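**Q** Below are the sequence and a predicted model for it; my questions follow.
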Amino acid sequence: MNSLIIGQYVPKESIIHQLDSRLKISIVFIYVIILFAAETSLNYLLFFILSILCMSLTQIKLSFIIKGLKPVWFLIVITFVLHIILTREGDIWFDIFGFPVYKEAIIKGFEIALRFFLLILMTTLLTLTTSPIAITDAVEELLSPLKKVNVPVHELALTMSISLRFIPTLIQEVDKISKAQASRGLDFRTGKMKDRVQAIIPLILPLFISAFKRAEELAFAMEARGYRGGEGRTKYRELRFKNADYIAGLSFILFLVGFIITR
Amino acid sequence: MDITFKNVSYIYQKNSPFEQRALEDINVQLPSGSFVSVVGHTGSGKSTFIQHLNGLLEPTEGVVQVGPYELSPEKNKHLKGLRKNVGMVFQNPDHQLFEETVQKEMMFGPKNFGINVTGTELENVIKDVGLDLDILSRSPFDLSGGQKKRVAIASVLVLKPKVLILDEPTAGLDPLGKYKMMELFSHLHKSQQLTIILVTHHMEDALKYSDQMMVMNKGKVVLIDHPLNVFKRKEYLKEIGLALPEKIELIEILQKELNLTIDDAGQSVDELAKSIGDWVKEGSGS
């Protein structure tokens, strides 16, 4: 759990952290879409520079991000290798032990791996610098036009924020449960596969029971404080664009223009 | 089993922005057969400390020795053997109850460790923790909070550990239940020479039952001594956010306000009441 940082939030005071979460989500959204429209190497260079720039502005240690993306490296390498093996057209560049490697394959594989890396890096930066609450607030606002066609946007956002809120709690709970059971001799790290699968039951059962209990208590607590859904509800944290947001937005538009020119 | 901590430090989430030092250079020796209270403010490292005793956490630095078992920062084997001898009762019984019946729940540990438990032994443990025998066939989820707690304690006692670690075992019990539970631990300690490590916020319990008291503050062991000596450091204890037992507080107030000449010497509440009564009768309290 400690090794993967995707979805984790690291509180800091950097410029990126303070940007409006709606802006950040929109930028990442557009970024991800046009990343797949990138063609020239200049395109990729632009993307690369933007991502590195964002990363350095977050004030989060580079080593932490790189280490956190370690499990992802594995996926990237696999896609690269698969491309080299499966692409069977174009000019042959060289042979490895009698296995022909195509020039196209290397280029394509490299391109896909780079895309994959940039995609994960940028989305990770989003969650690293934006608290889950800010993300759900932004999602609610961005989706609010859908209310007109009777999509329960507020309820969806609420469900999302509650589930995000309880992830750390449940992780803590799993930790406690597994420790309580390990103290009574439960061993789920070694032994036969069958035993290890069976060892999950003493972990899952208490977790489920307490999760249901928690859900019920939460519902009671919300009702006791007069929760009645999103109708007429005001916000404690209002999202508002500041100067930095306009600058960031403009810079991203410049990036888009640059992208179209170099394409 | 003797317990020794040698230069033990523990760091949570090492090498991440969330890195947090929970234990710092702990050096303690707890002899076999002692009753140790671990006290300290929330976040002082009590839980981290006790989790080292049965290998749930392994030290980031230093060595923990429990009887013949040694825990070091390197990969540790024999954890199962260690856990068989060191029983741990957690604060919240909901974190461990999962079986269909109380009987099965109690047999969970023995099954894992390969211990044979006879029917009479099982019944004795149930009686010891103050439950009725008919509870064995009931579902642990239908029980009250106090009963769940007792079942959880029973499910550890049935393993006949040599060291028993209790993390606030009486939280959530009613006053009488609390008293009975503490008396049970005290009885086990005396009759079976069981080593008991008790994490508690109840200074009264620490004073009454333990023969060693370990005070923790900010990841360090700041005092370790007999409870009577620990509670002499009143000012220091208050400074690190710990309360005094009511009994000692009473003596302190009487000494200050009425020049009481009786000192705290580990007497029971009844004995204290009697001697204060005598002191008043003699007319010194005017």
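**A** Yep, that arrived.
**Q** got the residue ranges for the helices in the chain?
**A** All of this refers to chain A. A:15-18, A:21-35, A:41-57, A:62-68, A:70-86, A:103-129, A:132-143, A:153-183, A:193-198, A:201-224, A:243-262 (DSSP state H).
**Q** hmm, I had chain B in mind actually
**A** Under DSSP H, chain B gives helices at B:46-51, B:79-85, B:102-113, B:119-128, B:145-157, B:175-192, B:203-209, B:227-230, B:234-239, B:246-258, B:269-281.
**Q** And the second one, what does it pack against?
**A** So that's helix B:79-85. Where contact means 3 or more C-beta pairs under 8 Å, 6 or more residues apart in numbering or on different chains; DSSP states H and E, helix B:79-85 is packed against strand B:69-71, helix B:102-113. C-beta here means a position set from N, CA and C on the backbone, and glycine is covered the same way.
**Q** Would you format the helices of chain A as JSON lines with distance to residue B:32, mean pLDDT and mean neighbour count included?
**A** As requested, those are exported to JSON lines (distance: least, C-beta to C-beta, whole Å; pLDDT from 0 to 100; neighbours: other C-beta atoms under 10 Å in any protein chain shown):
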{"stretch": "helix A:15-18", "distance to residue B:32": "53", "mean pLDDT": "91", "mean neighbour count": "18"}
{"stretch": "helix A:21-35", "distance to residue B:32": "58", "mean pLDDT": "94", "mean neighbour count": "18"}
{"stretch": "helix A:41-57", "distance to residue B:32": "55", "mean pLDDT": "91", "mean neighbour count": "16"}
{"stretch": "helix A:62-68", "distance to residue B:32": "43", "mean pLDDT": "83", "mean neighbour count": "15"}
{"stretch": "helix A:70-86", "distance to residue B:32": "44", "mean pLDDT": "85", "mean neighbour count": "14"}
{"stretch": "helix A:103-129", "distance to residue B:32": "49", "mean pLDDT": "89", "mean neighbour count": "18"}
{"stretch": "helix A:132-143", "distance to residue B:32": "49", "mean pLDDT": "88", "mean neighbour count": "19"}
{"stretch": "helix A:153-183", "distance to residue B:32": "20", "mean pLDDT": "88", "mean neighbour count": "16"}
{"stretch": "helix A:193-198", "distance to residue B:32": "34", "mean pLDDT": "81", "mean neighbour count": "10"}
{"stretch": "helix A:201-224", "distance to residue B:32": "31", "mean pLDDT": "92", "mean neighbour count": "14"}
{"stretch": "helix A:243-262", "distance to residue B:32": "63", "mean pLDDT": "92", "mean neighbour count": "14"}
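**Q** for the ones you listed, which one sits closest to residue B:120?
**A** Smallest distance to residue B:120 across the helices of chain A (C-beta to C-beta): 24.9 Å, for helix A:153-183.
**Q** right, is the closest one up against chain B?
**A** Yes: judged by C-beta under 8 Å from any C-beta of the partner chain, helix A:153-183 comes into contact with chain B at A:173, A:176-177, A:179-183.
**Q** Can you name the two of those residues that sit furthest apart?
**A** Of all pairs in those, the most separated under C-beta to C-beta is A:173 and A:183 at 15.7 Å.
**Q** Quick one: closest of the helices of chain A to residue B:103.
**A** helix A:201-224 (15.6 Å).
**Q** Tell me the helices and strands packed up against the closest one.
**A** For helix A:201-224, the elements it packs on are helix A:153-183, judged by 3+ C-beta pairs under 8 Å, 6+ apart.
**Q** How about the closest residue to chain B within chain A, nearest residue that isn't a chain neighbour?
**A** In chain A, the residue found nearest to chain B is residue A:185; the distance is 3.0 Å by C-beta to the nearest C-beta. Closest residue to residue A:185 apart from its sequence neighbours, by C-beta to C-beta, 6 or more residues apart in numbering or on different chains: residue B:112 at 3.0 Å.
**Q** closest one to residue B:140 among the helices of chain A?
**A** helix A:201-224 (10.2 Å).
**Q** what's the angle from the closest one to helix B:102-113?
**A** 130 degrees (axes from the mean of the first three to the mean of the last three C-alpha atoms, to 10 degrees).
**Q** Pull the distance from helix A:201-224 to the chain's centre.
**A** In terms of C-alpha atoms, centre = their mean, to the nearest Å, the centre of helix A:201-224 is found 26 Å from the chain centre.
**Q** if we look at it, which residues are touching it?
**A** A:162, A:166, A:169-170, A:173-174, A:177-178, A:181, A:186, A:188, B:94-98, B:108, B:141 (C-beta atoms under 8 Å, 6 or more residues apart in numbering or on different chains).
**Q** need the contact list for the residue nearest to residue A:132 when sequence neighbours are not counted.
**A** With sequence-adjacent residues excluded and distances taken as C-beta to C-beta, 6+ apart, residue A:132 is closest to residue A:164, at 4.0 Å. By C-beta under 8 Å, 6+ apart, the residues touching residue A:164 are A:132-133, A:135-136.
**Q** residue closest to the middle of chain B?
**A** residue B:198 (0.9 Å; C-alpha atoms, centre = their mean).
**Q** gap between that residue and residue A:248?
**A** Distance, residue B:198 to residue A:248, using C-beta to C-beta, to the nearest Å: 56 Å.
**Q** cool, residue A:133 as well?
**A** 20 Å.
**Q** Could you measure from the closest residue to chain A within the stretch 51-200 of chain B over to residue B:57?
**A** Taking C-beta to the nearest C-beta, chain A has its nearest neighbour within the stretch 51-200 of chain B at residue B:112, 3.0 Å off. Going from residue B:112 to residue B:57 by C-beta to C-beta gives 20 Å.
**Q** And chain A, split by domain according to the record?
**A** By the assignment in the TED database, chain A contains the domains A:15-130+A:241-262, A:146-225.
**Q** Would you format the ones you listed as a markdown table with distance to residue B:266 included?
**A** Converted to a markdown table, the domains of chain A look like this (distance: least, C-beta to C-beta, whole Å):
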| stretch | distance to residue B:266 |
| --- | --- |
| domain A:15-130+A:241-262 | 53 |
| domain A:146-225 | 33 |
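**Q** Can you say which of these is nearest to residue B:149?
**A** Of these, nearest to residue B:149 by C-beta to C-beta is domain A:146-225, at 12.8 Å.
**Q** Show the end-to-end separation of that closest one, please.
**A** In domain A:146-225, first residue to last residue: 28 Å (C-alpha to C-alpha, to the nearest Å).
**Q** I figured residue B:122 hits residue B:104, correct?
**A** No: using C-beta atoms under 8 Å as the test, residue B:122 is too far from residue B:104 to be in contact (11.0 Å).
**Q** Give me the distance between the residue nearest to residue B:168 when sequence neighbours are not counted and residue B:149.
**A** Nearest non-adjacent residue to residue B:168, counting by C-beta to C-beta, 6+ apart: residue B:91, 5.1 Å away. According to C-beta to C-beta, residue B:91 stands 9 Å off from residue B:149.
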